[in-house]
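> here is my input, please return the structure:
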Amino acid sequence: METGGEPAGEAEAAGTTGALPDATPRQVEWKTAIRCAVAVAGVGALLSVGTIRVDLLSPVSFLWIMSASLITLGFYQRRRPAAWMDVRVGARIGVVVGVCLALEVGTAMAGAGLVARFGLHAMGGFDAQMTAQVQKAIQQSSTPVPAEMMGLLGSPEFRGGMILAAFAFLAAGLVVLSTLGGAFGGLLGQLRMRRGPAV
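Alright, predicted model coming up:
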């Protein structure tokens with residue numbers, strides 16, 4: 001016969017939901033973080049495509065993309081107010097935001113370019129501008145360009161390669177910018193968590 005009541009382990013389990021406590025409270029709740037990042041990047045992609053037709057959307061699109069990590073962290077903390085936040089957590093979420101931005105904005109702009117080129121046949125001005133920029137760069141270069149290279153520089157393959165290279169630089173820049181923005185947002189979140197109990 002037990003004289004001391006239930007054993008300590010059973011008594012503690014009876015007053016809880018039965019779930020074990022989180023052993024790593026500083027981990028990111030990735031399901032929520034990825035959903036927030038995908039949603040914020042989706043809005044950024046729509047705004048980027050919208051700037052093709054509406055010039056007034058350019059500053060809005062720029063500001064949204066520049067602050068995408070902060071917006072994502074805001075949504076993440078609203079959905080998971082008890083989740084731990086610091087510089088490392090913010091930077092890790094920022095990397096995800098940067099990757100989502102690069103993929104979604106790149107896909108949206110590529111889709112818009114395909115529609116404009118093959119559906120609307122409206123890329124002539126873009127091609128002419130790109131060719132003029134290449135010719136200007138050749139004229140300003142001190143290194144002579146062989147004649148056989150001149151035909152390559154004006155080809156559609158070269159223009160496609162230039163666009164892919166520009167996208168690669170843009171994607172890398174977005175990831176770096178989003179990581180830094182996420183780290184800054186994580187720092188702000190950590191400071192807010194520290195002030196929280198005192199308020």
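
> how many residues are close by the nearest residue to residue 50 once chain neighbours are set aside?
Distance criterion CB to CB, 6 or more residues apart in numbering; nearest residue to residue 50, sequence neighbours excluded, is residue 57 at 4.5 Å. C-beta coordinates here come from the backbone N, C-alpha and C atoms, glycine included. When neighbours are counted by other CB atoms under 10 Å, residue 57 registers 17.

> check residue 176 too.
Counted with other CB under 10 Å, residue 176 comes out at 13.

> equivalent analysis for residue 114, please.
Neighbour tally, residue 114, other CB under 10 Å: 11.

> what does residue 119 give?
Using other CB under 10 Å, residue 119 is surrounded by 8 other residues.

> gap between it and residue 194?
Separation of residue 119 from residue 194 (CB to CB, to the nearest Å): 54 Å.

> can you check residue 45 too?
Using CB to CB, residue 45 is found at 35 Å from residue 194.

> same thing with residue 44?
31 Å.

> quick check: mean pLDDT of the top helix by length along the chain?
Among the segments of the chain that qualify as a helix by DSSP state H, the longest is helix 156-195. Averaged across helix 156-195, pLDDT comes to 84.

> same check, this time on stretch 51-65
In this model, stretch 51-65 carries a mean pLDDT of 86.

> now do the end-to-end distance for that stretch.
Start-to-end span of stretch 51-65 (CA to CA, to the nearest Å) is 13 Å.
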